[in-house]
Structure formats: C-alpha cells, structure tokens
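Trainee: Sequence isn't available, so here's the structure alone:
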C-alpha cells in the first residue's frame, strides 16, 4: 500500500531535481523576482524587532523611570527574568 502511495511522488523526484538544479543561495541574490520579495521580508523582520517585545525592553528603563520607580534598571531586570521563566 505504501509503495502505491509513494510511486507517483517518486516519479516526480527527477523532475523536481531538474527544476531546482543550479539554484541555491546565489539565486536569492541575483534573480530580480526573488530579490525584491526577499529584501522586503528582511526589512519587515527588522522593523518587527522595533515594535515587538525587543522595543519594549530597549525602552523599559525609560518606562520605569517615567512610572516613578526608584531603580529603573531593577525593574528592567525583573521583567526580563519574569519573561524568561514565563
């Protein structure tokens, strides 16, 4: 039964290998159809770092200072430790 299910997939393997031959990391940087979406994805991932929890932690000492905490660094460390175990 497994052989019956796998036979169509095994027939496609040479075709897939032929279509992907010559590909690789170089294609990502040289093919214009791939380069633009790749650069957009990298930019979006970088921007996501500034609006996610990393951005909050970067400014956490400022947040705690404005909240009136006497030692804002302790607040930042405490929130980091809590997040690490959560």
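Mentor: That came through fine. Fair warning: this is a prediction, and the values are worked out from it, not measured in the lab.

Trainee: can we go C-alpha only for contacts and neighbour counts from here?
Mentor: OK.

Trainee: Point to the residue nearest the middle of this protein.
Mentor: Centroid-nearest residue in the chain, with CA atoms, centre = their mean: residue 45, separated by 6.1 Å.

Trainee: pLDDT at that one, what is it?
Mentor: Looking at residue 45, its pLDDT stands at 89.

Trainee: do residue 64 as well
Mentor: On pLDDT, residue 64 comes in at 90.

Trainee: Does anything pack onto the worst-scoring helix or strand of the chain on mean pLDDT? Which helices or strands?
Mentor: Least confident helix or strand, the chain: helix 25-30 with a mean of 74, by mean pLDDT, DSSP states H and E. For helix 25-30, the elements it packs on are helix 32-51, judged by 3 or more CA pairs under 8 Å, 6 or more residues apart in numbering; DSSP states H and E.

Trainee: Could you name the helices and strands sitting against the helix or strand where residue 18 lies?
Mentor: Taking DSSP states H and E as the definition, residue 18 sits inside helix 2-20. When contacts are defined as 3+ CA pairs under 8 Å, 6+ apart, helix 2-20 packs onto no helix or strand at all.

Trainee: Just the buried residues of the least confident helix or strand of the chain, please?
Mentor: For helix 25-30, a neighbour-count test (16 or more other CA atoms under 10 Å) marks residue 28 as buried.

Trainee: returning to that earlier point: ok, and what's touching the helix holding residue 18?
Mentor: Helix 2-20 has contacts (CA atoms under 8 Å, 6 or more residues apart in numbering) with no other residue.

Trainee: Next: stretch 61-76.
Mentor: For stretch 61-76, the surrounding residues in contact (CA under 8 Å, 6+ apart) are 57, 60.

Trainee: what about residue 60, neighbour count?
Mentor: Other residues within reach of residue 60, judged by other CA atoms under 10 Å, total 20.

Trainee: Tell me how far it lies from residue 35.
Mentor: Going from residue 60 to residue 35 by CA to CA, to the nearest Å gives 36 Å.

Trainee: for residue 50, same thing?
Mentor: From residue 50 to residue 35 the distance is 23 Å (CA to CA).

Trainee: This completes my enquiry, with thanks.
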